[in-house]
Structures are given as C-alpha cells and as structure tokens.
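Chemist: Sequence first, then the predicted structure:
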Amino acid sequence: MKKLYVSVLLIFLLFAGCDVREPEIITLMTWNVHNLFDGKDDGFEYPDFRQQSGWSAEKYMGRINSISTAIRQIEPLPDIIVFQEIESHQILEDLADTMPRGYFWSHFANNSGSAIGVGILSRFEIAEFRTHSISIDSITIPRPILEVRINSGFSDNSEFIVFACHWKSKIGGEDETEKNRRASVRVILRRIREIWEAEPDLGIVIAGDLNENYNEFFRRGSNMVTALLLDDPLCTLIAGAKQTDFIVITDNKPPEPVYFPKETIVLFSPWINDLPADTGTYFYKNNWETLDQFLISHHFFGRKGLIYKTAFIGDFAPFININGVPVPYNPRTGYGLSDHLPLLIIFSLQLQL
C-alpha cells in the first residue's frame, strides 16, 4: 500500500509540474514525566511510590490515563516518544494501550537496582536496540543510554538512530556533576563515529533530558568545558581542538563546524534560534531552562528524504497551569503531570524529482 501511494503521488506531481512535495511527516517527542512508577512494589521505588505510603495500582492507572490524555492533546500526535523517569517496560505497554494510532514498538532500559530508566514508544518499527552503561571512576552512572534504530518504512532515508538519554542531574553541584554528563557524551561520540564509519548516510537524533542548557557554557561563566558547547570562538579556545567529551551544537542548517576543526561532530539544536527566546521546558527559580533536547545530525537537512521541519514546546494546557508553568505530579493528591514540558520536532518526507 505504501509503495502504491508513493507511485500515485509521483505521477500526480509529474503532471502538476511540481518539483517538491511533502506527503508525510514524523513527529518525535521527548518528555521527562517525573517519577512515573507502576503499581507494583519491587523494592527500588522512591518512598512516596510504595504501597505502604499509599501508592496503588489504581493511582498508577489514573496517572497513566492523565498522561495519555495530555499527549492526545498534541497536534500532530507524536509518532515516536522518548520518556525519562519511568520505572518499567510495563508503563510503556500500558501507555500504548491507552493511546490511538498503534504504538506497536517499545523498549525500556535501566541499570539493575535503579528506580527509574528511559523508554521509547514508537509507531514505527524499532529495528535494533542497544543499551550503553556509563561508568566514571569505576562507578556506573544510574541511567544508561538507550540506542534504537527506527525504520520509518519510507523509501528514502527510511532508517535513523535515536539515542534516548537522561543525563546526570546537577544535584551535588553543577561543576561537580559535569564530569558525569561528559562521560555520557564520550559514549555517544564513540558510537556516532562507529556508526558513521559503517553507515555514513545514517541520520542521528539525540533526545532526552540532558540536564544541560544549550548555552550552559555561558550560563556557568565561560570558564570550563561543558557537555554541550556552542560553535563559538570562546568555546573553541577553552575546549581545544580535540573533541572527546563534549558535543558541539549550532543553528546552521545543515550543522557543520565554523570555529571548531572540520572533523568535529556538530549537531543542530532548535533551541538556538528555532524556538522562542526566554522559553524552556523546565522552570527553576523563576527562570526557564532548556534541559530537554533534540540534537540532530546533518542528514536531516538535505533536499530529499526525511528533512527537519520545525520544533515546538508543549507549553499549553494540560501541561501548564494558569500561571504558565509545569506542575510536578503529587502522589498524595494526584494533582499535576510533570515538572518538565514536552519538547517536539517534526521531520517531513520530501520527494525530489
């Protein structure tokens, strides 16, 4: 059916005299849903989400329905959703059961003994997956990186890689915890280089709560290397030429280095210029922060295949309250959704004749 649809579309465009058409889109969403625990006790839950504290299967399903209802308010409905702070794969299955449009593929990753992990729910085939544990100073960081290969089924640029992430928070100190986030970057950079050595035409998307603002380097005084660095002369001066544990981001379309060496891996961030200034997905001390990220490789900025189109924030009800900010979920009252807003990007399928 898909092949027939594309063939008919191509015939139509030939007769219409058009060069380009966008017949399909893919919407990706990342959302830290804030401590989403299932209804069973396994001994690793946070205290407020244990049965002895009043947590129950009924409260859990109430929250599943609230989250599902909120997601259904998004237009276009996301095709691929990357979740952070979920307890188990069962949560993905229960969300899929309450969502329309057939989210038939899912995967979950956490470290043994961890309370929460990361997961992905997809309407498109997850063709492959890998889980990457992160270690620093012989200690394993609690949350791994989930790598999945998505097969969109489209004829052009049909597969791409998503790295689903939840990097270390700043609890313990911004500077003190930076080495943990940079450790996550080392793993991702190694994998990107391995992937592109074997498949140079395979697109890469990094998604999740990175606990790092896009302009973190400048917000922190411009005096230390952070996990995310802008393609900027000062960042180049501080970081040096060798890219080992930082990701360079830009608003160039396609992303390519200007101040860093030409071999530097540079990814596009919609936060720099595609999203409104003075906004974010996390509200902290009366300021918006841009902790939730999509970082996109150059493959999505060509003239054919899946092309980056736009990005937007889920900054509308029920994700925000009357004051325009997200409300953390309270397990005692059942009020609130999450302390983070969802972030979304849209790819369009572009057919070039």
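Modeler: Perfect, I can see it now. Numbering: from 1, shown residues only.
Chemist: Look at Val162 and give its secondary structure.
Modeler: What DSSP: H, G, I helix; E, B strand; the rest coil gives for Val162 is strand.
Chemist: Distance check, it against Asn223.
Modeler: Distance, Val162 to Asn223, by CB to CB, to the nearest Å: 33 Å. Every residue, glycine included, has its C-beta placed from N, CA and C.
Chemist: same thing with Pro233?
Modeler: As judged by CB to CB, Pro233 and Asn223 stand 15 Å apart.
Chemist: picking that back up, for Val162 and Asn223, indicate the residue with more neighbours.
Modeler: Between Val162 and Asn223, counted using other CB atoms under 10 Å, Val162 has the larger neighbour count: 25 against 9.
Chemist: If the more buried one is in a bridge, with which residues?
Modeler: Val162 forms beta bridges with Val148, Val205, as assigned by DSSP bridges.
Chemist: quick one: contacts for it?
Modeler: Under the criterion of CB atoms under 8 Å, 6 or more residues apart in numbering, the neighbours of Val162 are 28, 80, 82, 120, 147-148, 150, 205-207.
Chemist: got those residues as CSV, with pLDDT, neighbour count and distance to Ile136 columns?
Modeler: What follows is those, written out as CSV (pLDDT from 0 to 100; neighbours: other CB atoms under 10 Å; distance: CB to CB, whole Å):
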residue, pLDDT, neighbour count, distance to Ile136
Leu28, 98, 24, 29
Ile80, 98, 26, 29
Val82, 98, 31, 23
Ile120, 98, 26, 25
Glu147, 98, 22, 19
Val148, 98, 25, 24
Ile150, 97, 25, 29
Val205, 98, 25, 25
Ile206, 98, 26, 19
Ala207, 98, 27, 22
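Chemist: Quick check: the farthest pair among these?
Modeler: For these, the farthest-apart pair by CB to CB is Leu28 and Glu147; their separation is 15.0 Å.
Chemist: hmm, back to that, in terms of distance to Phe347, which of the contacts of Val162 ranks first?
Modeler: Checking the contacts of Val162 against Phe347 by CB to CB gives Leu28 as the nearest, at 7.4 Å.
Chemist: how much space between Leu121 and Asp42?
Modeler: Counting by CB to CB - Leu121 and Asp42 are separated by 21 Å.
Chemist: more neighbours, the two?
Modeler: Of the pair Leu121 and Asp42, Leu121 is the one with more neighbours under other CB under 10 Å, namely 26 against 11.
Chemist: per-residue confidence for the spatially closest residue to Ser169 that is not a sequence neighbour?
Modeler: Sequence neighbours aside, Asn211 is the residue nearest to Ser169 in space, at 4.9 Å (criterion: CB to CB, 6 or more residues apart in numbering). Predicted confidence (pLDDT) for Asn211: 97.
Chemist: Now do the phi/psi pair for Asn211.
Modeler: Backbone geometry at Asn211, expressed as degrees, to the nearest 10, gives phi 50, psi 40.
Chemist: Equivalent analysis for Glu87, please.
Modeler: phi -80, psi -30.
Chemist: Next: Thr333.
Modeler: Dihedral angles for Thr333 - degrees, to the nearest 10 - are phi -100, psi -20.
Chemist: tell me, how many neighbours does it end up with?
Modeler: Other residues near Thr333 number 7, with proximity taken as other CB under 10 Å.
Chemist: which ones are touching Ile26?
Modeler: 79-80, 124, 152, 306, 346-349.
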